[in-house]
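Asker: I need the structure of the sequence given here:
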Amino acid sequence: MIRRRELLMAAAAATVLAPAGQAGQAAAATRRGDTDFPKIGGNLANQNHSGLRDLNRGNIRRLRAAWVNNIEGGLMAGNSQSTPVAVDGVLYIESALGNVTAVDGRTGAVKWKYLQTRGAVTRRGVAVGAGRVYTCANDNWIVALDQRTGQVVWERQHNGYGNLEKVAVTYHDGMLYCGTNDGPRGAALAFDAATGDLLWHFWGTPGPGEFGNDTWEGDSWQTGGATPWMHCAIDPDLRLVYWTFGNARGARSSQDGSERGGQNLFANSIVAMDLKTGAYRWHFQSIHHDIWDMDNVMAPVLVDARVRGRTRKLVVYGSKTGMYYILDRADGSAPLGIDEVPVPQEPRQKTWPTQPFPRQGGWTELTPVRQPLGTEVPGLPHRAVPNYQVGSLFTPHWDVPILTIPGHGGGADWNHQSYSHSTRLVYTGFGYVAAAHSLTEPSNGLRPPGEYMTGGVVAVDPSTNRVRWKRNMPYSLAHGNGILTTASDLLFIGQPDGNLLCLDARDGRELWRWQTGAAVSSSPISYEIDGEQYVAVYAGGTSIPYGDSATRGDHLWAFKLGGTVPPAAAPPAPVVRRPVSGGPVDGSAVNDTVVLARTYNAATGQVGTVESAAVNAMAPTHLRVPVGTTVTFVNPADNVNVHGATQFFEGLFDVRLAPGESFRYTFDRPGEFFFNDPFSARPTGKIEVLPR
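Answerer: So this is what the prediction gives:
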């Protein structure tokens, strides 16, 4: 029987009370973005909610585009993950090039533009405050622009804390808060908004003498990662700032924990710090000693909710695990209960014996399921690619790939959540992007070729941590696909196919959609000018998880009732099945033959001479033939092992071939038919059958 106990991850913590004279500041944290949408996340609490209600279920079908501005002149490249902010009728937006543009919220006309001089970056949003607009740049620069003119007020470079480039900046009370990304050791930083001076820093991996350093083996903290990828949340009343830190890394890969024994704080943690000094107050770690790249890249949300009859100040955050961790934001305790549960162990990985699970469970599936070949396609959204060893969340790995879900590209990734003041629910988009981890894989694991990458939207009651409703969607909505809710119970979210959707926030029913012409990897916002409510969204797109099949753009759209601008032409739909490695090879070039367990050189047309279990060990991986073609699968005589071809998910064939044996199959209908090798699931191929 598993022994359970409530988790109180508040070591050395103290309850922080509101000081006298500041009780009214709590409203600043949870004030809704109504006339304006003044910051990324809408307010200091990151609630992404608007109190505007002119748009409603009765008139939403009359919502049309008021204007569209291609802010970079039609740029169709890069990763544009930036969300606009709206202040006094002006929208401020960053592009994939790092440029900042001020746009008239009524007409879409450009008021000014700041051209980035230090290279393009992935951008997620500016801050506006004290008459300035704040942005970041390559090489660790932070820049202040005049809000009226876009002229540079100051520029400051801060080296030595990680890469200061991607994370959206937050302004509050004369200070700027920004995290670092992609570095060997991350830090949360606070600056003087008037000068750019660094006021304090908080390391994601503590150094010698700092609290938490003893949770890292030896000097592994130096390359431990723990970068705060997303913007923080702020409670002025409690005088706390809340930051989520990313996954643990290592000298070899994020999947390898063999040289960094311990819990590895503050990786995979939320940390509460003093607003003015950065002093540690409390923390909670959602994954101990992470070897799955299941980091917290989701900005926390602050809510006030009644829990068991008592109003509690809560912080809600979720991650790639597909679970919400709901904590008291004053002291880090878990009012709904979070239990440390024993999990499978792998001594070579120095795994931690337990992991935290909310008692209410997750809001999506946590274990892949095997469905018989030939059942409904695509079948259950958490359906396992065949021939992989399947594990549940936190199943450890070593040298054999272990398939788990939601995956390091699934669950809730870096999309923005929303808390509705009307429904009192927290909403997030999520993804099913199963991953196979082992030390045979580079970096952070293999997303199996041929898997379906889909997702959905879920609504959770923060007072109970129970799912109120969940709607499965055709695309993963975990990568920048933020949610906006309104006081009239509308929910807006963009998809990788370019559609901006409006759902009923009460039950998830679709009410409206609009084609923007490019993948949406940012959050919609709402603002008001002269009594008219607008909704705006930046359609720019990103490579995650659909690669170049998701159309990029630079399209800043604004909508209002009675708008006259037509929708964009629909771009090609993203490819929702993970592609095989290698481009298409015409069947006539290889005698309509696939050689198992061998690689293929597309430039020379040569089949490899060595037996292989690499992901691209189908020669070729992508064979293109007309319908009616008979394809031969052969295991070369000089291979040592039995190899085969399992066609999934349609289940057209599932064969095993001894060295020297072959198998023939005639493809009698058009489509894409993936197959992998039962000897090792990693090698995966695809037969693309074209109509005649």
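
Asker: quick one: residue 294 from residue 195, how far?
Answerer: 38 Å (C-beta to C-beta, to the nearest Å). Where you see a C-beta, it was placed from the backbone N, CA and C, and this is true even at glycine.

Asker: Who has more neighbours out of these two?
Answerer: Shown here are residue 294 and residue 195; by other C-beta atoms under 10 Å, residue 294 has more neighbours (28 against 12).

Asker: mind listing what the nearest residue to that one once chain neighbours are set aside touches?
Answerer: The spatially closest residue to residue 294, leaving aside those adjacent along the chain, is residue 320, at 4.4 Å (C-beta to C-beta, 6 or more residues apart in numbering). For residue 320, the contact set (C-beta atoms under 8 Å, 6 or more residues apart in numbering) comprises 293-295, 297, 406-413, 478.

Asker: Just the ones in strands from those, please.
Answerer: Counting by DSSP state E, no part of the contacts of residue 320 is found in strands.

Asker: So among the residues you listed, where is pLDDT lowest?
Answerer: Lowest pLDDT among the contacts of residue 320: residue 297, with 82.

Asker: show me what contacts that one?
Answerer: By C-beta under 8 Å, 6+ apart, the neighbours of residue 297 are 229, 230, 244, 246, 319, 320, 413, 414.

Asker: The fifth one and residue 282, how far apart?
Answerer: Note on residue 319: its distance to residue 282, by C-beta to C-beta, is 18 Å.

Asker: One more: the last one?
Answerer: Taking C-beta to C-beta as the measure, residue 414 and residue 282 are separated by 24 Å.

Asker: so where do the helices sit in this structure?
Answerer: For the chain, helices defined by DSSP state H occupy the ranges 26-30.

Asker: Could you find the closest non-adjacent residue to the spatially most central residue of it?
Answerer: Centroid-nearest residue in the chain, with C-alpha atoms, centre = their mean: residue 413, separated by 2.4 Å. Nearest non-adjacent residue to residue 413, counting by C-beta to C-beta, 6+ apart: residue 478, 3.9 Å away.

Asker: Surely that neighbour and residue 408 touch.
Answerer: No. Counting by C-beta atoms under 8 Å, residue 478 sits too far from residue 408 to count as a contact (10.5 Å).

Asker: Look at those two and report which has more neighbours.
Answerer: Higher neighbour count among residue 478 and residue 408: residue 478, with 30 against 24, using other C-beta under 10 Å.

Asker: Give me the residue ranges of this structure where confidence is low.
Answerer: Scanning the chain for pLDDT under 70 picks out 1-33, 119-120.

Asker: re the thing from before, what touches both of residue 478 and residue 408?
Answerer: Residues touching both residue 478 and residue 408 by C-beta under 8 Å, 6+ apart: 320, 433.

Asker: list the contacts for residue 72?
Answerer: Contacts for residue 72 (C-beta under 8 Å, 6+ apart) come out as 95, 96, 97, 99, 554.

Asker: tell me the two of these that are most distant?
Answerer: 99 and 554 (9.7 Å; C-beta to C-beta).

Asker: Going by neighbour count, which residues in stretch 103-118 are buried?
Answerer: Neighbour-count burial for stretch 103-118 flags 103, 104, 105, 106, 108, 111, 112, 114, 116, 118 (criterion: 16 or more other C-beta atoms under 10 Å).

Asker: Would you check how far apart the second one and residue 71 are?
Answerer: If I follow you right, that is residue 104. For residue 104, the distance to residue 71 equals 12 Å [C-beta to C-beta].

Asker: Break down the stretch 1-150 of the chain into its strands, ranges please.
Answerer: For the stretch 1-150 of the chain, the strands defined by DSSP state E, counting those that start in this stretch cover 49-50, 63-70, 85-87, 90-94, 100-104, 110-114, 127-129, 132-137, 141-146.

Asker: Just say which of these is most tucked in.
Answerer: When you average the neighbours per residue for each of the strands of the stretch 1-150 of the chain (mean count of other C-beta atoms under 10 Å), strand 49-50 leads with a mean of 30.

Asker: Just list what it packs against, helices and strands only.
Answerer: On a contact count with 3 or more C-beta pairs under 8 Å, 6 or more residues apart in numbering; DSSP states H and E, strand 49-50 meets strand 483-486, strand 525-529.

Asker: OK, contacts around the nearest residue in space to residue 530 that is not next to it in sequence?
Answerer: What sits nearest to residue 530 in space, not counting adjacent residues and going by C-beta to C-beta, 6+ apart, is residue 106, at 7.6 Å. With contacts defined as C-beta under 8 Å, 6+ apart, residue 106 is in contact with 66, 89, 529, 530.

Asker: And residue 59, by the same measure?
Answerer: residue 561.

Asker: if I look at residue 322, how far off is residue 456?
Answerer: For residue 322, the distance to residue 456 equals 11 Å [C-beta to C-beta].

Asker: re the thing from before, which one of the strands of the stretch 1-150 of the chain lies nearest to residue 445?
Answerer: Checking those against residue 445 by C-beta to C-beta gives strand 132-137 as the closest, at 28.6 Å.

Asker: how much does that closest one deviate in direction from strand 110-114?
Answerer: Angle of strand 132-137 versus strand 110-114, following axes from the mean of the first three to the mean of the last three C-alpha atoms, to 10 degrees, is 40 degrees.

Asker: Could you pull out the strands in the stretch 501-650 of the chain for me?
Answerer: Along the stretch 501-650 of the chain, counting by DSSP E, counting those that start in this stretch, strands occupy 510-515, 525-529, 532-539, 555-561, 585-586, 593-596, 600-601, 606-607, 618-619, 622-626, 630-634, 643-648.

Asker: Quick check: which helices or strands does the fifth one pack against?
Answerer: For strand 585-586, the packing partners by 3+ C-beta pairs under 8 Å, 6+ apart come out as strand 622-626.

Asker: Now do the buried residues in the strand it packs on.
Answerer: Buried residues in strand 622-626, counted by 16+ other C-beta under 10 Å: 622, 623, 624, 625.

Asker: next one: stretch 296-313
Answerer: Result for stretch 296-313 [16+ other C-beta under 10 Å]: buried residues 296-305, 307, 312-313.

Asker: can you pick the most crowded of the contacts of residue 72?
Answerer: Of all the contacts of residue 72, the highest neighbour tally under other C-beta under 10 Å goes to residue 554, namely 26 neighbours.

Asker: For that residue, give me its contacts.
Answerer: Per C-beta under 8 Å, 6+ apart, neighbours of residue 554: 70, 71, 72, 73, 74, 75, 76, 80, 95, 96, 518, 540.

Asker: Burial check on the fourth one, number of neighbours?
Answerer: If I follow you right, that is residue 73. Neighbour tally, residue 73, other C-beta under 10 Å: 6.

Asker: any idea how far residue 517 is from the nearest residue to it once chain neighbours are set aside?
Answerer: Residue nearest to residue 73 in three dimensions, not counting chain neighbours: residue 554, with 7.5 Å by C-beta to C-beta, 6+ apart. Look at residue 554 and residue 517: by C-beta to C-beta, they are 10 Å apart.

Asker: and residue 434, which of the strands of the stretch 501-650 of the chain is closest to it?
Answerer: Where these are weighed against each other on C-beta to C-beta, the nearest is strand 643-648, at 12.9 Å.

Asker: and the closest one, C-alpha only, in CSV?
Answerer: This file holds the C-alpha atoms of strand 643-648, laid out as CSV (Å, rounded to 0.1, in the frame of the first residue of the first chain):
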residue,chain,number,x,y,z
HIS,A,643,13.9,-7.0,-38.6
GLY,A,644,10.4,-6.2,-39.8
ALA,A,645,7.8,-3.6,-40.6
THR,A,646,4.8,-2.8,-38.4
GLN,A,647,2.4,-0.5,-40.4
PHE,A,648,0.6,1.8,-38.0
